[in-house]
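J.: Everything below, folded, please.
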Amino acid sequence: MKKEAIVLIFCLAFSCFLKVNAQESQKQTEPTIEKMDNSIKYALHGKLVAQDGKGNELAKILLDAASLMKSAKGCHLYVVGVDKNNPDEIWITEIWDSKVDHDNSLNVPGVRELIGKAIPILNGSPEKGQEWNILGGTGIE
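T.: Numbers count the residues shown, from 1 in each chain. As a prediction, the model looks like this:
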């Protein structure tokens, strides 16, 4: 079977899946959210763009920050990654018990110093990241 045909079949199947799910969700009058451990966790996902050729340096700073987050109250995940197509785009995904815990992480010793190192090598101002309330998933216990 040709690659195009496989892609078309996949797209059609996925489209049907979405349509069935949309119909099912319309049957509910009020969506319900199951909370993990009786609390909704807070997540932040965002991108920082380094000046040309400074992506490695920025990634190192953020990995140092990830090490500091091991001692931060409420931090469950602090992942740093680099865009495969642009080594100057660094992505960060964080999961916390709450937004308050995330905000308080600025008080962890060493964090403000790392921010001071990162700011001068950024290409422009950081964009606001995506904030989520975590509903559940593998590895989020």
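
J.: average pLDDT for stretch 71-79?
T.: For stretch 71-79, mean pLDDT is 95.

J.: Quote the end-to-end distance of it.
T.: End-to-end distance for stretch 71-79: 15 Å, by C-alpha to C-alpha, to the nearest Å.

J.: just stretch 126-139 next, same as before
T.: Stretch 126-139 has an end-to-end distance of 28 Å (criterion: C-alpha to C-alpha).

J.: how about that stretch: buried residues?
T.: For stretch 126-139, the neighbour count (16 or more other C-beta atoms under 10 Å) marks 129, 134 as buried. Where C-beta positions appear, they are placed from N, C-alpha and C, glycine not excepted.

J.: now swap in stretch 61-77 and tell me
T.: 61-62, 64-66, 68-69, 72, 74-76.

J.: among those residues, which are in strands?
T.: 75-76 (DSSP state E).

J.: Out of the buried residues of stretch 61-77, flag the one nearest to Gly136.
T.: His76 (12.8 Å; C-beta to C-beta).

J.: so where's the chain shaky on pLDDT?
T.: The model of the chain has pLDDT under 70 over residues 1-40, 141.

J.: Check the gap between Gly81 and Leu135 for me.
T.: Taking C-beta to C-beta, to the nearest Å as the measure, Gly81 falls 22 Å from Leu135.
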